[in-house]
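>>> What follows is a predicted structure for the sequence shown.
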Amino acid sequence: MKTEPIGSIPRPPALIRAIAAFQSGQINPVTLAAAYKAALEDTLERFAETGSPIITDGEQTKPSFATYPLSGLENLAPDGVVIPFADGHTRQLPRLTEGPFRYGVHTAQFTSAARTLTTLPIKQAVISASALSLLYPSSGLPGYPQDVFLSELVDEAEEDIRGALQAGAAVVQIDFTEARLSLKLDPSGGLLRTFIDLNNQVLDRFTSEERTRIGVHVCPGSDRDSWHSLDVDYAGLLPDLLGMNAGRFYLQMASEPDKPRVLRIVKDVLRPGQLVFIGVIDPINPAIETAELVRERVLEAASILPVEQLGTTDDCGFSPFADDTSTARETAFPKIRARVAGTARAAQQLGLISASV
């Protein structure tokens, strides 16, 4: 049975301090680069110790899971779309001020850096084209129509995924966390279907074989121990979501109050050849799950979903934003270890080969 992480791992306190010191002019870029390298090396080493068959770089060198492509861009203003969370805090995206639109950074560089430090299979997370479409202002931009922006955005999103695969990523995961949020903003599903259409334009540029290595992750957000859309019913999301042209789907499930109901919805819309990875670890809950609890969650899912199409994952990344200190590394890695061990126990009980890529 396959098991995969979602992506982000809490940054070491030393790295968070170094980032703050660099931003205030107290250290130079060389010192900051050394702190990033140390964090990356430690993350890959500790990931390997969990027994995980596939690992990530923990997004240690990204400012956030969503904004890494914007690094170095000068055609942005800070007053973009605001995303509110249940506890009252917000995150705000930048606003595009003029065209053309190009990524400042592509994930190939993160994959390549990790590839030099480990022989284990690497998973690379990329941000969805739909999330970055929110950069374009609702009032429009003179001389830069929205359709031109979206065309350039799709080009860049394709390059981001393709570059990661070419750099050695075994799997690429598209972070589509705004999917569930879109139903909160537009309960009719119109915005969701617009997002899915845009992301499918990217996915359609890959072969069917390539798409078996490309997955889509959705969750109700995870930042500072809070969600932005946990109150949105999965029933409105899953039928459209699993119609996307991806081979893998990563679904938050551990924190769902009625898992059997949601799993039955998944069963009804799951297509042949698709793999669905259910969350068996809640990154917001500080309690560390046991391998036995994970085993029980897997067996519950296996009683409803086809076992050959079932895998396990974490509900969300542990620290999608670099400044989030709500979860410690000392909590994240034991949770991952429990997922790996619990999945292996369930696989053995089901008569399957234990956790794999």
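That came through fine.

>>> low-scoring pLDDT stretches of the stretch 201-350 of the chain, where are they?
Within the stretch 201-350 of the chain, the ranges that satisfy pLDDT under 70 run 223-230.

>>> any chance you could map the strands in it?
214-218, 248-251, 275-281, 310-314 (DSSP state E, counting those that start in this stretch).

>>> Please apply the same query to the stretch 51-200 of the chain.
Ranges of strands in the stretch 51-200 of the chain, per DSSP E, counting those that start in this stretch, are 76-77, 82-84, 90-92, 95-96, 123-127, 171-175.

>>> picking up where we left off before, Serialize the strands of the stretch 201-350 of the chain to a markdown table and add fields for mean neighbour count and distance to residue 90.
To be clear about C-beta, it is placed using only N, CA and C from the backbone, and glycine gets the same treatment. Shown next, in a markdown table, are those (neighbours: other CB atoms under 10 Å; distance: least, CB to CB, whole Å):
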| stretch | mean neighbour count | distance to residue 90 |
| --- | --- | --- |
| strand 214-218 | 25 | 20 |
| strand 248-251 | 26 | 25 |
| strand 275-281 | 25 | 24 |
| strand 310-314 | 27 | 24 |
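
>>> need the ones you listed in a markdown table with distance to residue 325, can you?
Converted to a markdown table, those look like this (distance: least, CB to CB, whole Å):
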| stretch | distance to residue 325 |
| --- | --- |
| strand 214-218 | 23 |
| strand 248-251 | 24 |
| strand 275-281 | 19 |
| strand 310-314 | 18 |
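
>>> could I get the strands of the stretch 51-200 of the chain as a markdown table with distance to residue 287?
Shown next, in a markdown table, are these (distance: least, CB to CB, whole Å):
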| stretch | distance to residue 287 |
| --- | --- |
| strand 76-77 | 39 |
| strand 82-84 | 26 |
| strand 90-92 | 26 |
| strand 95-96 | 39 |
| strand 123-127 | 25 |
| strand 171-175 | 25 |
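
>>> Residue 282: which of these is closest?
The minimum distance between residue 282 and the strands of the stretch 51-200 of the chain falls on strand 171-175, with 17.9 Å, by CB to CB.

>>> sorry, back to before: so which of the strands of the stretch 51-200 of the chain comes closest to residue 54?
strand 123-127 (5.2 Å).

>>> Contacts for the closest one, please.
By CB atoms under 8 Å, 6 or more residues apart in numbering, the residues outside strand 123-127 that reach it are 4-8, 54-57, 59, 65-69, 107, 110-111, 157, 160-161, 164, 167, 169-175, 217, 317.
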